[in-house]
Every structure is written in structure tokens, then in C-alpha cells.
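Visitor: here is my input; please provide its structure:
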Amino acid sequence: MAHLESILRVLVVGLILGAGLPALFAYGLVAYSAGAGGTDADGTTHAPNTALKYLGVALFTIVTAVILLALLWITRSTIEHHFGVDLFPFAK
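Guide: The predicted structure follows:
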């Protein structure tokens, strides 16, 4: 039973990080580009929408923070060994 539970945990985390982060990044790109405004092919112009631009930047920030936390998580024992800093004291 412990093996099945471990497999399911890896599957869920893999789906969230493997498919969820790229999807979140794609939504950020769509929001940022929709908020940029611009000119259509027929010559009509659209004013920039700052709310959508900020939403896009917020989504980019979330994706960046998750990636940085994952890198710190992977290297936590090396950082603790060389610098004596325990970045995740709750993980023991």
C-alpha cells in the first residue's frame, strides 16, 4: 500500500508541476498580450489594459517563484552543508 501511495503522490505532483506550470505560464502570456493593446489588421486600435498586464506579470512571478523554490529544494542539503543555512527547517 505504501508503494501505491508513493506512486500516486509522484503522479499528482508531476501533473501539477509538469502540466500546471506551463499552462499557468501560457495564461500569463495570453493575459499580458491581451493587455498590451495594439492595432488590428483593419486599422482599429485598442487601448492597453493594465489589469491584464498586471495579471500576466503576477502569473509569471508565481511560475518563477515555484521554479526557484524547486531549485532550492533540490539543492537544500548542499546549501546546508556548505553554508550552514537550513532553508526548509520544517522538512526534516
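Visitor: what's in contact with the helix or strand of the chain with the lowest mean pLDDT?
Guide: Counting by mean pLDDT, DSSP states H and E, the chain has its least confident helix or strand at strand 38-39, which shows a mean of 80. Strand 38-39 is contacted by residues 45, 46 when judged by CB atoms under 8 Å, 6 or more residues apart in numbering. Heads up, the C-betas are built off the backbone N, CA and C, glycines and all.
Visitor: packing partners of the longest helix seen in the chain?
Guide: Longest helix of the chain, by residue count under DSSP state H: helix 50-74. Helix 50-74 sits against helix 21-35, with contacts defined as 3 or more CB pairs under 8 Å, 6 or more residues apart in numbering; DSSP states H and E.
Visitor: adjacent strands (with direction) for the helix or strand that the least confident helix or strand of the chain is followed by?
Guide: Using DSSP states H and E, the helix or strand that follows strand 38-39 in sequence is strand 45-46. Paired with strand 45-46 in the same sheet, following DSSP bridges, are strand 38-39 (antiparallel).
Visitor: any idea how far the partner strand is from the middle of the chain?
Guide: Relative to the chain's own centre, strand 38-39 is displaced by 29 Å; criterion: CA atoms, centre = their mean, to the nearest Å.
Visitor: what residue ranges in this structure score low on pLDDT?
Guide: Low-confidence segments of the chain (pLDDT under 70): 92.
Visitor: what's the closest non-adjacent residue to the residue most central in space within it?
Guide: For the chain, the residue sitting closest to the mean C-alpha position, by CA atoms, centre = their mean, is residue 63 at 1.7 Å. Excluding the flanking residues, the one nearest residue 63 by CB to CB, 6 or more residues apart in numbering is residue 25, at 5.0 Å.
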